[in-house]
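Chemist: quick one, structure for this:
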Amino acid sequence: MKKPFRIKKIADKTWSIEIKTAYFQGLVYLLEGGEKALLIDSAVNIPGLRELVSGLSKKPIELAITHGHLDHIGSAHQFGRAYVSEADSEVLQRHTDPAFVKAMIADEFPPIMQKIFAKIIKEMTAPLPPTEWLPLPESFELGGRKIEVIKTPGHTPGSVCFLDRGNRLLFSGDTVCDWGVLLHFPEGRPPAVFLDSLRKLKALESEYDFIYPGHHGAPSGQGVADRYIACAEGIINGGIKPKSDKSKLVARYKDIRITLPKRWTANDR
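Modeler: Numbers count the residues shown, from 1 in each chain. Below you'll find the predicted structure:
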C-alpha cells in the first residue's frame, strides 16, 4: 500500500504534510520554534501522524485546529489534547458523533458510492478515542516564533487561520482553498459573514507572501483571496447566480467556487 504521508519543507523549520488516501486528501503543517512546535490540524483518523511529526521535531508538540470538521480533527486523539475555537463547540460535538457522521455521508454521497466505500465509511464512523479540547488562545509562542490566531468564520462559525508574520506565511484551513470553499453544511455561515473574513485576510495581505490551505494545492495561487472576494460579492449583489448541484447550490467565479445550502435564497445574503 502506498504510504499516505508526503512531507515537504516549505520554510525554515516548517513542513507541510500531505495525507492522501483512496478517499481523502488534506494538508497539515508543522511549525517549530525554539521551545516547542505547533501542528496545524490533524486530518482524518489515520495511524502514524504523531510518530511522523515527532520524527520531524524533537520539541514538545501542541496541536491547533482550524475548525471542528471530522477531516481536521480525526487524529487529534494521538496528541491527547488540541486547541479549537469555542465557537465550533457544536460542530466539534457533531463531527465526533458517529451517528451524525454516518448521516452526513449518506446526504453527501449516492448509495452506489456508499456501497463501494463501505469499509472506509465504517472506519470513518467508528468512535474516536477521547481528546481534551482546549479553547484557542489569541496566539502561540513557540520560542522566538509567534503564531497569531485570525478568526475567519464562514466555512464554520469558529473557523480560524494562523498567521506567521516572521516567515510571512498564512495557514488558512478551509477558509481559502485552491478551487472551492463549502458553505452548504448546516454550520456554514452566510456569504456576507464569509466575505467579512475574506476582507480581513485581504487587509493582512502585506504580512504574508503565501497561503497554505487545508486541501488541494499548496501554496494557493496568487490572487486567490481576491477571486473569493469577487465571488462572494457577486453572490450578495446578485451578479453571480448559484446553480443547483445535487444537495447544494454552487456559485462559480473563474477557477473557484463557493457552495451554498439548497434552501439558500437571495434573502440569505
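Chemist: and residue 226, that's in a helix?
Modeler: Yes - applying DSSP: H, G, I helix; E, B strand; the rest coil, one finds residue 226 inside a helix.
Chemist: quick check: it touching residue 202?
Modeler: Yes - using C-beta atoms under 8 Å, residue 226 is in contact with residue 202, at 7.3 Å. Backbone N, C-alpha and C define where each C-beta goes, glycine included.
Chemist: just the pLDDT at the nearest residue in space to residue 242 that is not next to it in sequence, thanks.
Modeler: Closest residue to residue 242 apart from its sequence neighbours, by C-beta to C-beta, 6 or more residues apart in numbering: residue 249 at 3.8 Å. Reported pLDDT at residue 249 in the predicted model: 96.
Chemist: so what's residue 249 bridging to?
Modeler: Beta-bridge partners for residue 249, by DSSP bridges, are residue 244, residue 260.
Chemist: for residue 100, see how far away it is.
Modeler: Going from residue 249 to residue 100 by C-beta to C-beta, to the nearest Å gives 23 Å.
Chemist: so between the two, which is more surrounded?
Modeler: residue 249 (21 against 15; other C-beta atoms under 10 Å).
Chemist: from what I see, that one and residue 258 are in contact.
Modeler: No - if you go by C-beta under 8 Å, residue 249 and residue 258 don't touch, sitting 9.2 Å apart.
Chemist: would you map the helices across this protein?
Modeler: 49-56, 70-73, 89-95, 98-108, 111-116, 118-124, 191-203, 224-237 (DSSP state H).
Chemist: export these to CSV and tack on mean pLDDT and distance to residue 172?
Modeler: Shown next, in CSV, are these (pLDDT from 0 to 100; distance: least, C-beta to C-beta, whole Å):
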stretch, mean pLDDT, distance to residue 172
helix 49-56, 96, 20
helix 70-73, 93, 12
helix 89-95, 93, 17
helix 98-108, 77, 23
helix 111-116, 67, 28
helix 118-124, 68, 24
helix 191-203, 97, 8
helix 224-237, 96, 9
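Chemist: point out the most buried one among those helices.
Modeler: Among the helices of the chain, the stretch with the highest mean neighbour count (mean count of other C-beta atoms under 10 Å) is helix 70-73, at a mean of 25.
Chemist: contact partners of that helix?
Modeler: 24, 26, 41-44, 65-66, 82, 84, 92, 95-96, 101, 124, 131, 173-174, 214 (C-beta atoms under 8 Å, 6 or more residues apart in numbering).
Chemist: just the C-alpha atoms of that helix, please, in CSV.
Modeler: Only the C-alpha atoms of helix 70-73 are listed here, as CSV (Å, rounded to 0.1, in the frame of the first residue of the first chain):
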residue,chain,number,x,y,z
LEU,A,70,-14.0,15.5,11.1
ASP,A,71,-11.3,15.7,8.4
HIS,A,72,-9.3,18.2,10.5
ILE,A,73,-9.8,16.6,14.0
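Chemist: residue 32 - how many residues pack around it?
Modeler: By other C-beta under 10 Å, neighbour count at residue 32 equals 21.
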